[in-house]
Structures are given as C-alpha cells and as structure tokens.
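Q: Dropping the sequence and predicted coords here.
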Amino acid sequence: MMRIVVVEDEIRIREGISRLLKKLNEEYEIVGAAENGQEGLALIRELKPDVVITDIRMPVMDGLEMLDRLYQENAGTKAIVLSAYSEFEYARKAMQSGVTEYLLKPISFGEFSRALTNIRHQLEKEQDEHLEGVGTLEQAIGGLIWGGMKPDPQLKKYMEKKFGLAETAPLIQICVYLGWYFDENRERAKKNLELIMKQRPDVKWCMIESPYEKSLMLILYDYPDAHLLERWFQYQILQNQIRMDFHATIGWIQTEGYAKVKSGFDTLYPYMDWNIVLGEEIMISYPKITRVQTVPCVYPVELENQLKIAICANDMDKTRNCISRFHQYFRNGKVYTPKEVKECYVRFLWAFINIGKEVGCLEYQKLEQQKMLESIMEAKNHQELEAVSDSLTGKIRPASEDNKEMIRLTVKRAKSMIQEFYQTGITLDEIAGKLDITPEYLGNLFHQDMGITFSGYIRDFRINKAKELLIGSQLKLYEIAEQVGYSNAKYFSRVFRDSVGQLPAEYRKTHK
C-alpha cells in the first residue's frame, strides 16, 4: 500500500487526482487532502505519507515553500509537483527541494502513471536496502525486541524470503538472565546454551545478547511438540546448573510469531524475579508462573531486634550471623511472592542503616540509598539481594573508644532520668526525646549495656521503690501505686505479683 497526501487548492483537480489513482492501482491510497501548503505541511507531519502530490501556486503557503520545509526536516516523503507553469526556474527550485517528479497541467494519464510507478519502485528499493541492513535473524529479532523495529509487510517479506520464517509461526523465547555478572559470564553461558541446543538438530534457533537487560535470549522455531521441548529444556537446565560455576535465571514463553517477540519479552521479564523464591533449578515458565500458590510472608521482627543489638555492641560476628539467618529465613520451603521478600529486605536493611547511623559505626554519607533501593527492587535472584546487604556490612567501621564512652554516658543519663522521673510514669519515648535520640536506639543501647530491656529495668526500679514504701510507710496501696508511677492500682498489683510472686498486701504482711 502506497499512502498519498494531495495538496491542491482546486477541488475539481483534487477529485480528479483521486479518481485517477483508483484507476491506476488499488494499492494507491489517499490518506489526506489539503487546500494549501500550510494545511498540507501539518497533515504531512501528522500522517507521514509515502508520497505527496502538490500544486505550486496556492494561497497562504505555496507548494515549493511547503516542500522546502519538509526537505529541511528530512521528512523523507516523495513528492510529485503539478504546475501549469513550465518555466525552468520553477522546475529547478522544485528539484532542489527533493522533488521526485515534476508534471505539467493538464496531467496526462500516462505521465501520471509513469511518475507513480517510478516512485513505487524507488520506495521498494529503499525498503529492500533498509531491510538488508537488518542483517541476520539475530539482528532482526533483537531489533524487534529492543531496537524499536516495527513488523510491517516489508519485514514479513524479508523474514520469509531470507529465513523461511512466517509471520505467525510460533516461537519460543528463553531468557537467560546473568545479572550483575553478565560481562564476566556471558561467553561461558553462550557455550553452555550452544552445547545444549546441539543435542536438538530438529530445532532451529538463534541467540541474542542484551547487555542492558543483562540477559541472553534464545529463540527457538520450527520445533516439534512445545510441551515436550519445555520438559527437555528444564531437565537440561537442571543438569547444567549443577555443573556451572555461575548463576543464571531462566525464563520460558511461547509467542505466536516474530511480530509478538517484544510483547513476549515484556510479559516474561517481570516474572524472572520468581527465581528468588523458587530457586535456580526451576525454569520460570509463563503462564504457569501466574498460577503458583503462595503463602503470606511474615517479617522476622526478632531477627531485626537481634541485628540492632549486635550493631550497637559493634559485634561484627553477630551482625553477620543475623544477616546470614535473615537470608536463610526465606529458604524455608515456603513460597512467598518476590515482592514480599524484597519489601522485607528493604525494611531489614533500612533498620540496619538507621541504627548504624545513630551508633556512628556506618559511613552514612557514602551510602547511595536510592541506588540500593533500586538494586533490591530490580533483583532477579538471591545472589543480587544478598550482594546489597554484603555491601552494607562492608561499610561498618569499628567503634572508637569515644563512641563506646558515648554509649555508657547515654545509658547513665537515661538511668538518672528514670530515678528522677519514675513517679510521673515516664516512658522510653519521653526519655529518648530528652536525650535527642530515637526510642529504638535508646532501647538497644540499654539492652546492650545493662543486659535487660528498658521496660524491664524501669519496672524493676518501680517495684523496688514500691517494696520500700510497703515496708517503711503506712500509705494505702493506691497511694503507693501513684508514687511509683502507676495511675491504676489494680494494674500495679498485677505487675507487682508477676514480678515478686505476691500481691502488694501479702508482701507488706509478710515483711513488715
């Protein structure tokens, strides 16, 4: 189909051109018409036709000015100029503006047909040259997936003629994600895939590299049973993963023809991170992956608390142990969604960063937090997730003597405030606010230095004060409760009994 725009101010001539085109060839299609050069320019920019047929003399903007602007814009549209003026100067200007054909009015059927045929041949030649530039099948498929190439009738003809590949012939796309070590492992991975495919001479294939996606793409076509081929390939991958000394995530999708390879890749690639929960031995097969049953992922709060205590103590062995157990937490045989696992990693590592910043053992200014977040959310396997946390661990610096002394002074000040304000029911949040640190950090420092939680320490302190008042005063129980920071006497009695083993009245009777 040759798409044509007609720019002519006389409606009679526009209609005549339309009738002529229909008689000449059904492949000639008028996609738009304009009355002057200004309208024509806008229409051509919008529709991007193959050919423009234009008059010269028109109101507002003439045909030559319109063509000159298109020529300067490298529009690439072929042009046939119609004119009642046979002066050489007009013809010369037209040819300088990239005009392909120049016809005098009244237009003869034969000349018009010849001009259009010449242009059609030029377009076909240019299209063939362009398609020859596509090159190999690998280049063609790669161009369709990542290079912005669009499937069109010319490409269809080229693919059938050069590779015997029909537009709707089913293809299998196998994505081999190598991740951060793409450059290092690319050649070994290619050799492994070539060895695998040599076992199947009944299957045609090609392989494409995509450094941006850190992947290799294997395209299979002219194959027998797709289901059996998938099972065979899964088995080969399992055997190769055992032998390979590098990590690879494998994805599989079947598409209906090369025109769909981009949508096939765009569909499969987001599912590649299921390798995080399924492991490298399992090939990610679409649409099967959409039917995987998962269980809710519960965040390991206790592990986070242990990590904070280890960081506060500047105990690198315990810190690494906590991180190692965090990695193993997601390898318990349960299937979570990759999104939930990644969110857990973000939460855990952000807790790491925040406590490390407060303790002063983390080179906070050197952290690229946005980059770390992107690395976690874009990860396709466990190795990439673990690499982020390992890089963070490497930025911990040993605690200085000044830092250790600061921790001791902070705990000492907190204890002094408890002794001063325990009667008012002061809380961890209030003391942390007075010390200008977070409650979380203070709680961890307290546990590290005292071997007891903040809440446990303040409870024991109040109970000991209550014991003194029970033995050494005649105050009523509700008065004692108020004096040691409990506004509710019943709650005070329950806490006292849980701590001492007796109710306050029983304790007074026993010890007074």
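A: Received it, and whenever you're ready, just let me know what you need. Numbering: from 1, shown residues only.
Q: Would you agree F246 falls within a helix?
A: No. According to DSSP: H, G, I helix; E, B strand; the rest coil, F246 belongs to no helix; its state is coil.
Q: Please name the nearest non-neighbouring residue to it.
A: Using C-beta to C-beta, 6 or more residues apart in numbering and skipping residues adjacent in sequence, the residue nearest F246 is N185, 4.3 Å away. All C-beta spots, glycine's among them, are computed from the backbone N, C-alpha and C.
Q: got a list of contacts for the one helix or strand the one you found maps to?
A: Element membership of N185 [criterion: DSSP states H and E] is helix 182-197. Helix 182-197 has contacts (C-beta atoms under 8 Å, 6 or more residues apart in numbering) with 176, 178, 203, 205, 207, 209, 211, 214-216, 218, 233, 236, 240, 244, 246, 248.
Q: Filter the residues you listed down to the buried ones.
A: By neighbour count, with 16 or more other C-beta atoms under 10 Å, the contacts of helix 182-197 hold 176, 178, 203, 205, 207, 209, 214-216, 218, 233, 236, 240, 248 as buried.
Q: For those, name the two members farthest from one another.
A: Greatest spatial distance among the buried ones among the contacts of helix 182-197 (C-beta to C-beta): V203 and K214, at 25.4 Å.
Q: domains for the protein, by residue range?
A: The chain breaks down into these domains under automatic domain parsing: 2-130, 137-289, 301-393, 406-511.
Q: Show me where the stretch 101-250 of the chain has its strands.
A: Taking DSSP state E, counting those that start in this stretch to define them, one finds strands in the stretch 101-250 of the chain at 101-104, 171-177, 204-210, 215-221, 249-255.
Q: among those strands, which is nearest H382?
A: Nearest to H382 among the strands of the stretch 101-250 of the chain is strand 249-255 (10.1 Å), distances taken as C-beta to C-beta.
Q: Check which element follows the closest one along the chain.
A: helix 261-268.
Q: for the record, mean pLDDT for that next one?
A: For helix 261-268, the mean per-residue pLDDT is 95.
Q: and if you look at stretch 282-289?
A: 95.
Q: Quick check: pLDDT value at the nearest residue to A310 once chain neighbours are set aside.
A: Nearest residue to A310, sequence neighbours excluded (C-beta to C-beta, 6+ apart): K318, at 3.7 Å. pLDDT for K318: 88.
Q: helix or strand for K318, which one?
A: Secondary structure assignment for K318, by DSSP H and E: helix 316-329.
Q: Now do that helix: which elements does it pack against?
A: helix 301-312, helix 382-393 (3 or more C-beta pairs under 8 Å, 6 or more residues apart in numbering; DSSP states H and E).
Q: Pull up the gap between L20 and R14, please.
A: Separation of L20 from R14 (C-beta to C-beta, to the nearest Å) stands at 11 Å.
Q: which residues are in contact with whatever helix or strand Q38 lives in?
A: In the assignment (DSSP H and E), Q38 maps to helix 37-47. Helix 37-47 has contacts (C-beta under 8 Å, 6+ apart) with 3, 5, 7, 31-34, 52, 54, 58, 60-63, 65-66, 69-70, 73, 75, 77.
Q: Let's see that with 10 Å instead.
A: Residues from elsewhere that reach helix 37-47 (C-beta atoms under 10 Å, 6 or more residues apart in numbering): 3-9, 31-34, 49, 52, 54-56, 58-70, 73, 75, 77, 79.
Q: swap in stretch 286-298?
A: Outside stretch 286-298, the residues that touch it by C-beta under 10 Å, 6+ apart are 173, 175, 230, 251-255, 264, 267-272, 274, 277-278, 282-284, 329-330, 334-341, 343-344.
Q: which among those residues end up buried?
A: If we count by 16+ other C-beta under 10 Å, these have these buried: 173, 175, 230, 251-255, 264, 267-269, 271-272, 274, 277-278, 282-284, 329-330, 336-338, 340-341, 344.
Q: How many residues are close by the nearest residue to E358 once chain neighbours are set aside?
A: Nearest residue to E358, sequence neighbours excluded (C-beta to C-beta, 6+ apart): Y441, at 4.3 Å. Neighbours of Y441 under the rule other C-beta atoms under 10 Å: 19.
Q: picking up where we left off before, spit out the residues that contact L20 and R14 alike.
A: Listed contacts common to L20 and R14 are I53; contacts here mean C-beta under 10 Å, 6+ apart.
Q: ok, W232 touching I172?
A: No. Between W232 and I172 there is no contact under C-beta atoms under 10 Å: 11.6 Å.
Q: ok, these two, which is more surrounded?
A: It is I172, of W232 and I172, that has more neighbours when counted by other C-beta under 10 Å, with 20 against 15.
Q: Specify the beta-bridge partners of the residue nearest to the more buried one when sequence neighbours are not counted.
A: Nearest residue to I172, sequence neighbours excluded (C-beta to C-beta, 6+ apart): L220, at 4.1 Å. Beta-bridge pairing of L220 under DSSP bridges involves I172, W205.
Q: Thanks again, I'm all set now.
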